[in-house]
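Q: got a predicted model here, sequence first, then my questions.
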Amino acid sequence: MALLSVSDLRGLKDFAARLLDLNFIIYATENTRRNLVEAGLAVRDVSEITGFPSILGGRVKTIHPLLYAGILASRSRTSHMEEVERLNCPLIDIVVVNPYPLPREGMSLEDVVERIDIGGIGLLRAAAKNFEYVTVICDPGDYGRVIEELTSEGAVSLDTKKLLAAKALDFVTRYDQEIARVLNKALFGKDVLYLGYERSEKLRYGENWHQNASLYVDRKPEGFGIARARRLGVEHMSFNNFLDADAALWAASDLAEYTVSSVVIKHTSLCAAATGPAPLESLKAAWDGDPVSSYGGVLAFTYPVNLDVARFLSERFIEVVLAPSFSEESVDVLLKKNRRLRLLELGEMGKRGEAEEYRFISGGLLVQDRDLGYTSASEFRNVTKAEFPKEKLELARFACIAAKHVKSNAVVIAREYRRGFYQTVGIGGGQPNRVDAISKLAIPRALEFCKRNGLSSVEVLGECVLASDSFFPFPDSIEVMADAGLRYVVQPGGSKRDPEVIGAADRNGMAMLFTGRRCFRH
């Protein structure tokens, strides 16, 4: 015997017809029954079991002890079976329910309240509780599996019943949470956040050996991100691998507009990035930006990994590689050289994940919009007497995007190494002050880049652009840049000392852009 009460009619007529072919007796609530009867199917009204019609405008139609007894009775308990027989209560073997559509924010309170399903949710919970004997279906996508097993085996397997019961309880939980969220907003103006994650795997340890750790995955049916990436080769990922890979994914996602881009991440902070005319050129330019920091890093590409890229990487020690895809030959080359290398296949690197990000603090949770993309170069504002060259605007924007993925205080020195293609040559970040990030990290690394490649530092730095993730609070950073020969600067602006900073740039003949967009990364 089957009980049907649905708001989603997809596939229901075919499913009900197959149940009837298998000699099931079907009971349904009024609207569900009407649709099936109109299709010529012999379906009975649930009131034949309860002895009551639908009342209170449909608010009460399945809340009845005889229905619940037929669902909850344990077939293995003699006392249950005797009581069911005494009550002349039919046993229900299949329960198919999907409740009213969820309320939406902006609805009137009356409409929100009317959307709160009572009977349907109760039926799902009851059927899931008695999963040993009752098959519960809340998703039309599961009709086929149930019919296939009924047809081939004569019964639904216990494994399938368990799976569908867990799915129904998950649905009930999410449904109740969403009702509570919308009702709290409608009644009290209160914002409530519910998060749902399932443990995917236990990790060997956390950030350090003495810390336990696990990976939990968002329970949404579809999603994008590192937690769902296809792993090739070594399955094991460490806690720190996941953190670095996630940082690499977001950096590559931002640079995907350049089509062929490569990024290197170390300790969740960008240490090199480049665009290029072809994959190998892009990778070489990124690696050459800081080969010392790139050693043991996590790399992300916006392009498929081919044999040339694999051969280059196979001669260097790296931890993780992310890419849209890997050729079979590239996988063989990479894993032959390093069996512990983690390869993550993402499908589409430019695809965006969640629009919000969460950070736990003691006793609470911080939520913010993700910092996606970057301002168009056409919106940059020249603030100095010296005009910022138009041909360097896209280089400036590239440097700004790179700076987004460096820990604050962040500065990035970037160059156009080939017409229309860019690379980072000096990065500084994670410092308590911006002067140290420039003078002790970014500029020395840029000078080392020039020395390593036999280039004139005067010529190279004179054509580079330095981007800062936030404003310069004092003119001292400008003086340091000028002494090193840097002539082009791009920064958000917004300091009360902006006039002093602009004045320092003018005294040194430097051109400066304000973007109006800060991109701190703590």
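A: The structure has been received and is ready for your questions.
Q: please enumerate the strands of the stretch 201-350 of the chain.
A: Under the criterion DSSP state E, counting those that start in this stretch, strands of the stretch 201-350 of the chain are mapped to 213-218, 230-233, 261-266, 269-275, 298-301, 320-323, 342-345.
Q: could you pull out the strands for the stretch 1-150 of the chain?
A: Under DSSP E, counting those that start in this stretch, the stretch 1-150 of the chain gives strands at 2-6, 26-28, 44-45, 94-98, 135-137.
Q: the ones you listed into JSON lines, with extra columns for mean neighbour count?
A: In short, each C-beta sits where N, CA and C put it, glycine included. JSON lines is the format used below for these (neighbours: other CB atoms under 10 Å):
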{"stretch": "strand 2-6", "mean neighbour count": "23"}
{"stretch": "strand 26-28", "mean neighbour count": "23"}
{"stretch": "strand 44-45", "mean neighbour count": "16"}
{"stretch": "strand 94-98", "mean neighbour count": "25"}
{"stretch": "strand 135-137", "mean neighbour count": "25"}
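Q: reformat those strands as CSV; add mean pLDDT and distance to Thr384.
A: CSV is the format used below for those (pLDDT from 0 to 100; distance: least, CB to CB, whole Å):
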stretch, mean pLDDT, distance to Thr384
strand 2-6, 89, 67
strand 26-28, 89, 75
strand 44-45, 87, 80
strand 94-98, 91, 63
strand 135-137, 94, 68
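Q: out of the strands of the stretch 201-350 of the chain, which is closest to Arg418?
A: Ranking those by their distance to Arg418 (criterion: CB to CB) puts strand 269-275 first, at 9.4 Å.
Q: and the nearest residue to Glu48 once chain neighbours are set aside, how close does it get to Phe52?
A: Nearest residue to Glu48, sequence neighbours excluded (CB to CB, 6 or more residues apart in numbering): Tyr27, at 6.8 Å. Note on Tyr27: its distance to Phe52, by CB to CB, to the nearest Å, is 13 Å.
Q: what's the neighbour count on the closest residue to Ser457 other than its chain neighbours?
A: Closest residue in space to Ser457, ignoring its immediate chain neighbours: Cys450 at 4.2 Å, by CB to CB, 6+ apart. As a burial measure, Cys450 scores 18 neighbours (other CB atoms under 10 Å).
Q: ditto for Met349
A: 23.
Q: my read: Gly196 touches Tyr175, true?
A: No - using CB atoms under 8 Å, Gly196 is not in contact with Tyr175, being 11.7 Å away.
Q: which one of those two has more residues nearby?
A: Tyr175 (20 against 12).
Q: where does the prediction get shaky in the protein?
A: Scanning the chain for pLDDT under 70 picks out 55, 57-62, 221-223, 350-354.
Q: what residue in it is the furthest from its centre?
A: Arg86 (54.2 Å; CA atoms, centre = their mean).
Q: can you tell me which helix in the protein is longest?
A: helix 158-188 (DSSP state H).
Q: quick one: buried residues of it?
A: For helix 158-188, the neighbour count (16 or more other CB atoms under 10 Å) marks 160-161, 164-165, 167-169, 171-172, 175, 179, 181-183, 185-186 as buried.
Q: same question, stretch 508-517
A: So, applying 16+ other CB under 10 Å, buried residues of stretch 508-517: Asn508, Met510, Ala511, Met512, Leu513, Phe514, Thr515, Arg517.
Q: swap in stretch 123-140?
A: Under 16+ other CB under 10 Å, the buried positions of stretch 123-140 are 123-128, 130-131, 133-138, 140.
Q: how long is that stretch end to end?
A: Taking CA to CA, to the nearest Å, stretch 123-140 runs 16 Å from one end to the other.
Q: still on that earlier bit, in a strand, the residue nearest to Ser457, correct?
A: No - under DSSP: H, G, I helix; E, B strand; the rest coil, Cys450 sits outside any strand and is assigned helix.
Q: ok, now which ones touch it?
A: Residues near Cys450 by CB atoms under 8 Å, 6 or more residues apart in numbering: Val425, Ser456, Ser457, Val460, Leu461.
Q: in helices, which of the residues you listed appear?
A: Members of those lying in helices (criterion: DSSP H): Ser457, Val460, Leu461.
Q: wait, the second one sits on Gly426?
A: No - with contact defined as CB under 8 Å, Val460 does not reach Gly426; the gap is 10.0 Å.
Q: show me which of the two is the more surrounded one.
A: Counted by other CB under 10 Å, Val460 and Gly426 do not tie: Gly426 has more neighbours, with 28 against 20.
Q: okay, now His267: neighbour count?
A: Neighbour tally, His267, other CB under 10 Å: 14.
Q: in contact with it, which residues?
A: Asp244.
Q: cool, and Leu249?
A: So Leu249 contacts Gly225, Ile226, Ala300, Leu322, Leu346, Met349, Gly353 (CB under 8 Å, 6+ apart).
Q: any idea what the third one is bridged to?
A: Yep, that's Ala300 we're talking about. On the basis of DSSP bridges, Ala300 is bridged to Val263, Leu322.
Q: tell me how far it lies from Ala39.
A: Relative to Ala39, and taking CB to CB, Ala300 is found at 52 Å.
Q: and those two? which has more neighbours close in?
A: Neighbours around Ala300 and Ala39, counted as other CB under 10 Å, are more numerous at Ala300. The numbers are 30 against 13.
Q: mind checking the strands of the stretch 201-350 of the chain for the one nearest to Tyr100?
A: Short answer: strand 213-218, nearest of the strands of the stretch 201-350 of the chain by CB to CB, at 25.0 Å.
Q: name the helices or strands packed onto that closest one?
A: With contacts taken as 3 or more CB pairs under 8 Å, 6 or more residues apart in numbering; DSSP states H and E, strand 213-218 sits against strand 197-203.
Q: buried set for the strand it packs on?
A: Buried residues in strand 197-203 (16+ other CB under 10 Å): Leu203.
Q: same question for stretch 275-288.
A: Thr275, Gly276, Pro279, Leu280, Glu281, Ser282, Leu283, Lys284, Ala285, Ala286, Trp287, Asp288.
Q: can I get these in JSON lines including distance to Asn306?
A: Below are those laid out as JSON lines (distance: CB to CB, whole Å):
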{"residue": "Thr275", "distance to Asn306": "17"}
{"residue": "Gly276", "distance to Asn306": "13"}
{"residue": "Pro279", "distance to Asn306": "6"}
{"residue": "Leu280", "distance to Asn306": "8"}
{"residue": "Glu281", "distance to Asn306": "12"}
{"residue": "Ser282", "distance to Asn306": "12"}
{"residue": "Leu283", "distance to Asn306": "10"}
{"residue": "Lys284", "distance to Asn306": "14"}
{"residue": "Ala285", "distance to Asn306": "16"}
{"residue": "Ala286", "distance to Asn306": "16"}
{"residue": "Trp287", "distance to Asn306": "16"}
{"residue": "Asp288", "distance to Asn306": "19"}
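Q: quick one: which of the residues you listed is nearest Cys400?
A: Closest approach to Cys400 among these (CB to CB): Thr275, at 13.9 Å.
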